[in-house]
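Enquirer: I need the structure of the sequence given here:
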Amino acid sequence: MFNLKALQKNKTVKYGVPMLLLVIGGSFGLREFTQIRYDAQRIRKRLDPSLEAKVNLEKQAVMLEEEYERMKQVNLDEWKNIRGPRPWEHSKEYQEQQRSSQNKKE
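Expert: Coordinates of the predicted model:
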């Protein structure tokens, strides 16, 4: 029927068919990998219920009122501004310095 030697010498069969298989198979493979990517993005975009309540505009007015009531209870007269550590400063050492200086003042 078919001569196997003739098919092996044919350039179309030798180079063209593997190339077509690679291109067509690659497109199916890429489709699967991109689908995984989009599924992962969809999962990451889901919000926590607490964050979703903050984003939801209907519940936002209620949350603002609750925050206002909480801020009314805060005593702002005794508030102190304490500088945080700079990026080049060691935070634990700086916190200890702040605590010691604050204890000396009191």
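
Enquirer: how many neighbours does W79 have?
Expert: Applying other C-beta atoms under 10 Å, we find 8 residues neighbouring W79. Quick note: C-beta positions are derived from backbone N, CA and C, even for glycine.

Enquirer: now do the same contact list for it.
Expert: Not one residue lies near W79 by C-beta atoms under 8 Å, 6 or more residues apart in numbering.

Enquirer: next secondary structure element downstream of whichever strand or helix holds Y68?
Expert: Using DSSP states H and E, Y68 sits in helix 57-73. Downstream of helix 57-73, the first helix or strand assigned by DSSP H and E is helix 91-105.

Enquirer: give me the number of residues near I24?
Expert: Using other C-beta under 10 Å, I24 is surrounded by 10 other residues.

Enquirer: for it, give its distance to W88.
Expert: Per C-beta to C-beta, to the nearest Å, I24 is found 56 Å from W88.

Enquirer: go on, L30?
Expert: 46 Å.

Enquirer: can you check K104 too?
Expert: K104 is 25 Å from W88, by C-beta to C-beta.

Enquirer: next one: L64
Expert: 38 Å.

Enquirer: ditto for K9
Expert: In terms of C-beta to C-beta, K9 sits 71 Å off from W88.

Enquirer: which helix or strand contains the residue sitting nearest the centre point of the chain?
Expert: Residue closest to the average C-alpha location in the chain (C-alpha atoms, centre = their mean): R44, at 6.7 Å. Using DSSP H and E, R44 maps to helix 17-45.

Enquirer: shaky segments in the protein?
Expert: Applying pLDDT under 70 to the chain picks out residues 1-2, 47, 49-62, 106.

Enquirer: if we go to 80?
Expert: For the chain, residues meeting the criterion pLDDT under 80 lie at 1-2, 4, 6-7, 44-64, 79-85, 102, 105-106.

Enquirer: name all residues that make contact with V13.
Expert: By C-beta under 8 Å, 6+ apart, the residues touching V13 are L7.

Enquirer: I appreciate the help and will end here.
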